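Trainee: Here is a sequence with its predicted model. Questions after.
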Amino acid sequence: RIVALKKVRMDKEKDGVPVTAVREMGILMRCRSHPNIVTLLKVVQGRHNAIFLVFEYCEHDIGKLMQTMRAPFQVSEVKTLTIQLLSAVSFLHEMHVFHRDLKMSNLLLNERGELKLCDLGLARQFAPPGSGEDGTYTGKVVTLWYRAPELLLGLRRYGPAVDTWAVGCILAEFLRNRPIFPGKTETDTVARVFAELGAPHDGIWPGWSSLPLAGTFVVPHQPYNHLSITFAAFGADAVDLLTQLLTYDPAKRCDAMVVTQERYERYQLYLEAGTEPTGESEVVQRLVNAWRSGNLSSWARPRLKLPS
C-alpha cells in the first residue's frame, strides 16, 4: 500500500514533540470520519527518534495540477470541488476548529476525483461565540494571497471567517486558473483587494476605521465591487457566492457560509430533480445524501480529466 509521510520537525525542540504537532495530530484524529479531509492512518517513530505522520496517499496537489492544465476547470468541475472544500471546512468549524492556512497547495485530489484538505499544522480550536473566552490569536497565519482583510489590517481577535475568505479566493482561482489577489507584499495585497472589491468603510464593515492598521493604507476613491464584471462569464450564482465569501465584514461572511453553498447548487438541483424543495435545509441534505451515495448527475460530479 502506498502512503504519504510527513516528518514532524524536532530540530528546535528540547522538551519532546512540538505542541503544534500534538495539536495537529489531535485534530486529524477527530477528522478521520470526513471524506474530504486527508486521513491520518498512524503515527510512527523512525531512526534517531524521528516521528512521522502516515497519511492516505493522494495522487495530485491541486495547485500543481492547475499549473499543468491548458484551460481552467469547467464550471461543473469547480462546483464539485467547491462542494467538497466547503464540506471539509464546515466540518472543522462545527468542531470549533479553524484551518488558518487554506490555499491551493493544501488541497489534494485522488484518482477518484475526491478533494482532500490537508496540512492542519496551523489549525487550532477557536473560542465559540458567547463563550466568554478572549479569542485573541496570532495574526501571522494564512498564506498572503489567501489572507483575510482583517488579518492584513492587524486584527488579532478573529474567528472562522478567515477560512471563509480563503475559500472565496480558492473559488476565484478555480474559475480563472490564476490567483485573485496575488500580492507581493501585504501592502500590495491590500491594494489589490481594495481595487477589486471597492474601498471599505464603516457602513459596510462596522469597526473598519478602528482596525489597528487601517490608517496605514491608502484607501482609493473606488466605491465599486467589480466581481460581477470580472466573473460575469461564470453566471450569477457563481458571482453571488464569491460576493458573499469575499465580504469585508467577517460576521456577515461567516454567517453566509452554508447559505452560499446552497445558492450555488440550488438552481441546477431544481432542474435535475424537477421539484421545488420545501426549504433551504432540505437542499443541503439532498446534496449531502447524493454526494455520499455517488448518485450526483454529471453537472455536479463530472469525471475530472487528470494528466497521466
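Mentor: Looks like it arrived, so ask away. Numbers count the residues shown, from 1 in each chain.

Trainee: Within the helices and strands, which one has the residue nearest the centre of the chain?
Mentor: The structure's the chain has its C-alpha centroid closest to residue 167; by C-alpha atoms, centre = their mean the separation is 3.3 Å. Following DSSP states H and E, one finds residue 167 within helix 161-176.

Trainee: List the buried residues in that helix.
Mentor: Using 16 or more other C-beta atoms under 10 Å as the test for burial, helix 161-176 gives 161-175. C-beta: built from backbone N, CA, C; applies to glycine.

Trainee: which secondary structure elements does that helix contact?
Mentor: Here helix 161-176 touches helix 75-94, helix 149-152, helix 236-245, helix 250-255, going by 3 or more C-beta pairs under 8 Å, 6 or more residues apart in numbering; DSSP states H and E.

Trainee: do you know how far residue 85 is from residue 174?
Mentor: Per C-beta to C-beta, to the nearest Å, residue 85 is found 9 Å from residue 174.

Trainee: can you list the weak-confidence ranges in the stretch 201-308 of the chain?
Mentor: For the stretch 201-308 of the chain, the stretches flagged by pLDDT under 70 are 254-308.

Trainee: Could you report the neighbour count for residue 114?
Mentor: Each residue near residue 114 was counted by other C-beta atoms under 10 Å, and the total is 15.

Trainee: Pull the contacting residues for residue 54.
Mentor: Contacts for residue 54 (C-beta atoms under 8 Å, 6 or more residues apart in numbering) come out as 3, 4, 5, 40, 41, 42, 43, 44.

Trainee: Is the fourth one in contact with residue 27, as I believe?
Mentor: No - taking contacts as C-beta atoms under 8 Å, residue 40 lies outside contact range of residue 27: 9.3 Å.

Trainee: Phi first, then psi, for residue 52.
Mentor: phi -120, psi 140 (degrees, to the nearest 10).

Trainee: who's it bridged to?
Mentor: Beta-bridge partners for residue 52, by DSSP bridges, are residue 7, residue 44.

Trainee: now the one 4 residues further on
Mentor: Note on residue 56: beta-bridge partners residue 3, judged by DSSP bridges.

Trainee: can you offset everything so residue one is 55?
Mentor: Will do, 55 is the new start, and the previous item becomes residue 110.

Trainee: hang on, isn't it packed against residue 93?
Mentor: Yes - using C-beta under 8 Å, residue 110 makes contact with residue 93 at a distance of 4.5 Å.

Trainee: residues contacting the spatially closest residue to residue 117 that is not a sequence neighbour?
Mentor: Of all residues not flanking residue 117 in the chain, residue 158 sits nearest, at 3.4 Å (C-beta to C-beta, 6 or more residues apart in numbering). When contacts are counted by C-beta under 8 Å, 6+ apart, residue 158 touches 115, 116, 117, 120, 224, 227.

Trainee: got the residue ranges for the strands in the stretch 155-304 of the chain?
Mentor: With strands called from DSSP state E, counting those that start in this stretch, the stretch 155-304 of the chain shows them at 161-163, 169-171, 178-179.

Trainee: In CSV: those strands, plus distance to residue 77, mean pLDDT and mean neighbour count.
Mentor: Shown next, in CSV, are those (distance: least, C-beta to C-beta, whole Å; pLDDT from 0 to 100; neighbours: other C-beta atoms under 10 Å):
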stretch, distance to residue 77, mean pLDDT, mean neighbour count
strand 161-163, 21, 93, 23
strand 169-171, 16, 95, 23
strand 178-179, 6, 91, 16
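
Trainee: can these go into JSON lines with extra columns for distance to residue 287?
Mentor: Listed next are these as JSON lines, based on distance: least, C-beta to C-beta, whole Å:
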{"stretch": "strand 161-163", "distance to residue 287": "23"}
{"stretch": "strand 169-171", "distance to residue 287": "23"}
{"stretch": "strand 178-179", "distance to residue 287": "38"}
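
Trainee: Of the contacts of residue 108 - the most surrounded one?
Mentor: residue 94 (21 neighbours).

Trainee: For that residue, what are phi and psi?
Mentor: According to degrees, to the nearest 10, residue 94 has phi -80, psi 120.

Trainee: pLDDT wise, what is it at?
Mentor: We note a pLDDT of 95 for residue 94 in this prediction.

Trainee: Tell me how far the nearest residue to it once chain neighbours are set aside lies from residue 182.
Mentor: Spatial nearest neighbour of residue 94, excluding adjacent residues (C-beta to C-beta, 6+ apart): residue 82 at 4.0 Å. Separation of residue 82 from residue 182 (C-beta to C-beta): 21 Å.

Trainee: Pick out whichever of those two has more residues nearby.
Mentor: Neighbour count, other C-beta under 10 Å: between residue 82 and residue 182, residue 82 has more, with 20 against 11.

Trainee: Helices along the stretch 205-354 of the chain, start to end?
Mentor: In the stretch 205-354 of the chain, the helices defined using DSSP state H, counting those that start in this stretch lie at 215-230, 240-251, 281-284, 290-299, 304-309, 311-327, 334-347.
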